[in-house]
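Q: coords please:
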Amino acid sequence: MADRSRGVHMGSMGFCSSWRPMLVVLCAWMAMADQAGLPPVRINEIVARPFGGGPDWLELINLGQEEVNLVGWNLLDGSSGRMLQLGDTGCAGTTSIDPGERLVIYQADSSSEVCKLPFGMSVNGDSITMFDRQGRTIDATEWGEGDAPEGASWARIPDGTGPFTTVWVPTPGLANTDGTYLAEEDVVEEPSEKCGAYMAPDDEPMFPRFVADITGPKELIEISGVASTRRSTGALWVHEDGEEAFIYALGIEEENAGQVLATFAFDFEVEDLEDIATAKCPDGVTNCVWLADTGDNCARDAVEADKDEDDPPDCDLRREHVVWAVEEPNLNFNRTVEGPIPYVTGERGRTTWRFSIFYEGGAYHDMESLMVKPDGSRFYLIERTRVCCPLVYASDDVSSRPPGLREAMVLFPAATLDRPQDRPISGADFHASGTEFAVTTPRHGTFLYSLAHPFEFTEVAGPWKVAKGAGVPQMEGVAYDFTQIHPGQEGKGLWLVSEAVEDDEKPPLLHLSCLQA
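A: A predicted model of the protein is given here:
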């Protein structure tokens, strides 16, 4: 990216006090004048095209210790030559700015009651210059094409004082972050030791422990998958079944258990999102969230109709399934963000891989369980079926695939599983050792399978029941515990999530502890 990280603070410069737009913008870059005596108000963040629509906006910040009078100040847009006069009629809320205050001003088509920008800003390159009432240039910034793409902001890092750069997580009214939402944490290497026993002393499967109801700014009903965060400790990722490419960071500490801490909205489309996993990306280095857009209720109904020799269902079969691997977001546990955070992917965003999935012989399946090798080199899908017996499909080796890859592949069956108590499998996760994986059924409990060789399905044993159904509406997801919250449970305990079914219910979060940890 070109070096356009300029934030200029200049004194009055004679002819530069002219309001001719191009002349003013030119003057803003001609010299770095003495800043002594200039008010400590800065342009701090700009969004030229919000994710999913909405008005453009910019943010000012007062870095000083005293209130600053803004009456008569002006903001000039370089591409249109239009200006906003602060403190003017219709901008009564901008007459002053308190110490440490962030003043966010939206474009004219917004519902803001504070003030409205009479101009929009261009993602193809633009500039904003701020003048005080004497015509002095207090601050200015310019960005080029690609510096402020859709969903991202052009912002100061560090917040308020640093140079401008592209930031992928806009934060109107909040401190700017470096785009990872918080600094990377050191997460311990995954333990490979398996649990000795989940059973009670009488060898009876136990009920998982109820932790909390899942609550958030959005009512979550059809929770469909769960995974431990890997870039940050102390949280889970969950998502809903359906057409929204959203993932939710779920708190599990005593003070925030079950609370949605943040929502990340990906900029790609999904048709029927069914499961989530965390592992390395295909590059083997970056941490990824893996998403299975592989649901197809029509395929499941068609298989059952064929077995029962009934008429085929009146619905459309999916031709293509998709598995996504996306660089995992990081988390900030110092605050809860209520609105969805745009998560830009692709060439100007976070690292992403897209795998289009087809099945041997043109078969159709409802795949509702995703497992990924910890090194990100291979993924596995398990069929949800009420007909014996569920198939496991394994991907090709996808290691070392370049970021941004969009690849189509045909998957072949790796194994046929015995169904747990003759019930469909609704979620699954690999143990770090690769010699065990856990599955859950909607209402009949949690089970384990074992593999004779790590991550190879040539010899599969099980299932063995390790948890009862817990009386929840419909269990949909299971994940090994890597949250580092419960001592001795890393890689052994199991997190479980269920749908709520009824709109007035909250989906439950549960935990199955290893008794011989």
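
Q: Distance of Ile357 relative to Val323?
A: Ile357 sits 6 Å away from Val323 when distances are taken as C-beta to C-beta, to the nearest Å. Every C-beta, even on glycine, is put in place using the N, C-alpha and C of the backbone.

Q: which neighbours do these two share?
A: Counting by C-beta atoms under 8 Å, 6 or more residues apart in numbering, the common neighbours of Ile357 and Val323 are 294, 381, 395.

Q: Can you report how many residues neighbour the first one?
A: It stands for Thr294. A total of 28 residues lie near Thr294 under the criterion other C-beta atoms under 10 Å.

Q: which helices and strands sit right next to the helix or strand encompassing Arg42?
A: Secondary structure from DSSP states H and E places Arg42 in strand 41-47. For strand 41-47, the helices and strands in contact under the criterion 3 or more C-beta pairs under 8 Å, 6 or more residues apart in numbering; DSSP states H and E are strand 57-62, strand 125-131, strand 137-144, strand 153-156.

Q: What strands line up against that strand, and which way round?
A: Strands flanking strand 41-47 in the sheet, each with its direction: strand 57-62 (antiparallel), strand 153-156 (antiparallel) (DSSP bridges).

Q: before we move on, back to that, which one of the helices and strands packed on strand 41-47 lies nearest to Ala197?
A: Ranking the helices and strands packed on strand 41-47 by proximity to Ala197 (C-beta to C-beta) places strand 153-156 first, at 50.8 Å.

Q: Buried residues, the closest one. List them.
A: Along strand 153-156, the positions that meet the burial threshold by neighbour count (16 or more other C-beta atoms under 10 Å) are 153-156.

Q: Stretch 380-390 now?
A: Neighbour-count burial for stretch 380-390, counted by 16+ other C-beta under 10 Å, picks out 380-385, 390.

Q: just stretch 301-316 next, same as before
A: By neighbour count, with 16+ other C-beta under 10 Å as the criterion, the buried positions of stretch 301-316 are 301-303.

Q: which SS class is Ser232?
A: In terms of secondary structure, Ser232 is coil; the call rests on DSSP: H, G, I helix; E, B strand; the rest coil.

Q: picking up where we left off before, want to throw the strands paired with strand 41-47 into a markdown table with mean pLDDT and distance to Ile341?
A: Formatted as a markdown table, the strands paired with strand 41-47 follow (pLDDT from 0 to 100; distance: least, C-beta to C-beta, whole Å):
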| stretch | mean pLDDT | distance to Ile341 |
| --- | --- | --- |
| strand 57-62 | 96 | 15 |
| strand 153-156 | 93 | 11 |
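
Q: would you list those strands in TSV and tack on distance to Gly234?
A: Supplementary listing: the strands paired with strand 41-47 in TSV, determined by distance: least, C-beta to C-beta, whole Å:
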stretch	distance to Gly234
strand 57-62	30
strand 153-156	27
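
Q: Of these, which is nearest Gly242?
A: Using C-beta to C-beta as the criterion, the shortest distance between Gly242 and the strands paired with strand 41-47 is 28.7 Å, found for strand 153-156.

Q: Pull up the pairing partners for the following helix or strand past the closest one, direction included.
A: Proceeding N to C from strand 153-156, the next assigned helix or strand is strand 164-167, under DSSP H and E. Strand partners for strand 164-167, identified by DSSP bridges, are recorded as strand 153-156 (antiparallel).

Q: What is the burial count for Val410?
A: Applying other C-beta under 10 Å, we find 13 residues neighbouring Val410.

Q: How about the secondary structure of it?
A: When the structure is reduced to helix, strand and coil (three-state DSSP), Val410 reads as strand.

Q: Could you name the specific helix or strand carrying the nearest residue to it once chain neighbours are set aside?
A: If the residues on either side of it in the chain are set aside, Val410 comes closest to Phe358, at 5.0 Å by C-beta to C-beta, 6 or more residues apart in numbering. Take DSSP H and E as the rule and Phe358 turns out to sit in strand 352-359.

Q: Dump the C-alpha coordinates for stretch 355-368 into CSV.
A: Coordinates of each C-alpha in stretch 355-368 appear next as CSV, following Å, rounded to 0.1, in the frame of the first residue of the first chain:
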residue,chain,number,x,y,z
PHE,A,355,-13.6,-24.5,-1.3
SER,A,356,-16.5,-25.5,-3.6
ILE,A,357,-17.6,-29.0,-2.7
PHE,A,358,-19.1,-31.7,-4.9
TYR,A,359,-19.5,-35.4,-4.0
GLU,A,360,-18.6,-38.6,-5.8
GLY,A,361,-21.0,-39.6,-8.4
GLY,A,362,-23.0,-36.3,-8.1
ALA,A,363,-24.5,-37.4,-4.8
TYR,A,364,-26.5,-35.0,-2.7
HIS,A,365,-26.1,-34.8,1.1
ASP,A,366,-27.1,-32.8,4.1
MET,A,367,-23.7,-32.2,5.8
GLU,A,368,-24.1,-30.7,9.2
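
Q: and the nearest residue to Thr229 once chain neighbours are set aside, how many neighbours?
A: Spatial nearest neighbour of Thr229, excluding adjacent residues (C-beta to C-beta, 6+ apart): Ala235 at 4.6 Å. Here the neighbour count serves as a burial measure; for Ala235 (other C-beta under 10 Å) it reads 22.

Q: thought Ala235 was touching Tyr248?
A: No - proximity of Ala235 to Tyr248 does not meet the contact threshold set by C-beta atoms under 8 Å, at 9.9 Å.

Q: show me the contacts for Thr278.
A: Each residue near Thr278 by C-beta under 8 Å, 6+ apart is listed here: 227-230, 237, 287-290, 328, 372.

Q: Centroid-nearest residue for this protein?
A: Taking C-alpha atoms, centre = their mean, the centroid of the chain lies closest to Phe264, which sits 3.4 Å from it.
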